[in-house]
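> Coordinates for the following, if possible.
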Amino acid sequence: MKQVVYTASPESQQIHVWQMNEEGALTLLQVTDVAGQVQPMVVSPNREFLYVGVRPNFRVLAFRIAADGTLTEAGQAPLPGSPTHISTDRYGKFLFCGSYNDACVSVSPIGEDGVPQAPLQVIHGLEGCHSANIDLANQTLYVPALKQDRICLFALGDDGQLTPRPQAQVTTVDGAGPRHMQFHPNGHYAYCVNELDSTVDVWALDNEDGEVESVQTLDMMPADFSGTRWAADIHLTPDGRFLYACDRTSSTLAVFSVSEDGGQLTLQGFQPTETQPRGFNIDHSGQYLVAAGQKSHHIEVYRITEPQGLLQPLGRYAVGQGPMWVVVHQLQA
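A predicted model of the protein is given here:
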């Protein structure tokens, strides 16, 4: 398996492209300068494009991914607000953008050439909108509104239009601040990291009434932590066995094991990491985790170890200034 790692550094307006070998070591392949602060990134489902949200001139850039993983800009399109998070549907037909500052989520069609177009729909009133997450069935978009302690549920139509589901939202505890989400490979459970109280919620997506309900909430902080909680990102290994979440104030990664059915988490431990870890990701083999330190200007690679999923540091690399987004891409065979 050949993989590359993309890191976005908005302060220096750069994307770094790293080759990852079978042992998890990184080699720098390319540094791409971008006209603007590069933040959220996602690879298209067909693995041919990297989509990147840029501010302050709000837009999405499409980069064509070469056979070795290097990038060439292929086009761009406007966005209705500052891009906090971008994602696509499972078939690469639509791009979703959540905007925290502009309290909205948008849907942009993706052209036959792989380049996103102007938005076809913008939904406002989502205070602190922090991500847009399509389920594995490509039917429901989950949109956390952090400042409203709710996750809005939208049905995705064939034309890309979003409409509220009959169960239009679920709510967290007051002051939790739902932020980013991951789905278990079996499609029955989702996990949401809550920024303001640094907890992780487990959501059952299809209870006996066919509705979404909270089934577990776990603290993701060390017992002796007394500072301001400030969680950021969450990722799951491809096999669904281990879940990780980061907190920026403590600069730690929380390690959870996941029950076989996906419905229960068990806290296994903590890993100190780069200063202010705003973003991290897991490689496609499920062997390595790459974390970015927004204040350390470095990324660190860890090996995921058996049987608990604890992390073993492997290597540390200087990147651009203020790295805050990490994407791991599996190259085309």
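> Just the CA trace of the longest strand belonging to the chain, in CSV.
Identified as the longest strand of the chain according to DSSP state E is strand 162-171. Taking Å, rounded to 0.1, in the frame of the first residue of the first chain, the C-alpha atoms of strand 162-171 are listed here in CSV:
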residue,chain,number,x,y,z
LEU,A,162,-30.9,18.8,1.7
THR,A,163,-34.2,18.6,3.6
PRO,A,164,-34.8,18.1,7.3
ARG,A,165,-35.4,14.5,8.3
PRO,A,166,-38.6,13.7,10.3
GLN,A,167,-36.2,13.6,13.3
ALA,A,168,-34.7,16.9,12.4
GLN,A,169,-32.1,17.1,15.2
VAL,A,170,-30.6,15.4,18.3
THR,A,171,-29.3,17.4,21.2
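> List of residues touching it?
Strand 162-171 is contacted by residues 105, 107, 121, 123, 140-141, 149-157, 203, 211-214 when judged by C-beta atoms under 8 Å, 6 or more residues apart in numbering. For glycine as for every other residue, the C-beta is placed from the backbone atoms N, C-alpha and C.
> Please identify the pairing partners of the next helix or strand after it and their relative orientation?
Per DSSP states H and E, the first helix or strand lying C-terminal to strand 162-171 is strand 178-183. Paired neighbours of strand 178-183 in the sheet (DSSP bridges): strand 189-194 (antiparallel).
> what's around the closest residue to Met220 other than its chain neighbours, how many residues?
Spatial nearest neighbour of Met220, excluding adjacent residues (C-beta to C-beta, 6 or more residues apart in numbering): Ala254 at 3.9 Å. Here the count is done by other C-beta atoms under 10 Å, and Ala254 has 27 residues near it.
> Give me the angle between the longest strand of the chain and strand 178-183.
Put simply, strand 162-171 runs at 110 degrees to strand 178-183, going by axes from the mean of the first three to the mean of the last three C-alpha atoms, to 10 degrees.
> and strand 162-171, which strands flank it?
Sheet partners assigned to strand 162-171 using DSSP bridges are listed as strand 150-156 (antiparallel).
> for the partner strand, which positions count as buried?
For strand 150-156, the neighbour count (16 or more other C-beta atoms under 10 Å) marks Arg150, Ile151, Cys152, Leu153, Phe154, Leu156 as buried.
> From what I see, the last one and Val143 are in contact.
No. Taking contact to mean C-beta atoms under 8 Å, the distance of 11.3 Å between Leu156 and Val143 leaves them out of contact.
> hang on, the earlier thing: among the buried residues of strand 150-156, which one lies nearest to Arg64?
When the buried residues of strand 150-156 are compared for distance to Arg64 (C-beta to C-beta), Leu156 wins out at 25.9 Å.
> residues contacting the closest residue in space to the closest one that isn't next to it in sequence?
Take Leu156 and drop its neighbours on the chain: the residue closest to it by C-beta to C-beta, 6+ apart is Leu141, 5.5 Å away. Leu141 sits next to Phe96, Val105, Ala132, Asn133, Ile134, Asp135, Leu153, Phe154, Ala155, Leu156, Leu162 when contact means C-beta under 8 Å, 6+ apart.
> Looking at the residues you listed, which two lie furthest apart in space?
Val105 and Asp135 (15.1 Å).
> Give me the more crowded residue out of these two.
Val105 (31 against 19).
> So that one versus His85, what's the distance?
According to C-beta to C-beta, to the nearest Å, Val105 stands 9 Å off from His85.
> what do those two both touch?
Counting by C-beta under 8 Å, 6+ apart, the residues touching both Val105 and His85 are Cys97, Gly98, Ala132.
> Check which helix or strand Ser106 maps to.
strand 104-109.
> Within its sheet, name the partner strands of that strand and how each one runs.
strand 94-99 (antiparallel), strand 121-124 (antiparallel).
> what's the model's confidence in the longest strand of the chain, averaged?
The average pLDDT within strand 162-171 is 98.
> Buried residues, it. List them.
Of the residues in strand 162-171, those buried (16+ other C-beta under 10 Å) are Leu162, Arg165, Gln169, Val170.
> and of these, the nearest to Gly309?
Val170 (27.1 Å).
> Average pLDDT for stretch 265-278, rounded please.
Across stretch 265-278, the average pLDDT comes to 98.
> C-alpha coordinates for that stretch, PDB please?
C-alpha atoms of stretch 265-278 as PDB (Å, rounded to 0.1, in the frame of the first residue of the first chain):
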ATOM      1  CA  LEU A 265     -16.200   2.800  24.000                       C
ATOM      2  CA  THR A 266     -13.600   2.000  26.700                       C
ATOM      3  CA  LEU A 267     -11.000   4.600  27.600                       C
ATOM      4  CA  GLN A 268      -7.600   2.900  27.300                       C
ATOM      5  CA  GLY A 269      -5.200   5.800  27.900                       C
ATOM      6  CA  PHE A 270      -3.600   9.100  26.800                       C
ATOM      7  CA  GLN A 271      -0.800  10.100  24.600                       C
ATOM      8  CA  PRO A 272       1.000  13.500  25.000                       C
ATOM      9  CA  THR A 273       1.400  15.000  21.500                       C
ATOM     10  CA  GLU A 274       2.400  18.100  19.600                       C
ATOM     11  CA  THR A 275       1.400  21.500  21.200                       C
ATOM     12  CA  GLN A 276      -2.300  22.400  20.500                       C
ATOM     13  CA  PRO A 277      -3.300  19.400  18.300                       C
ATOM     14  CA  ARG A 278      -6.000  20.900  16.100                       C
END
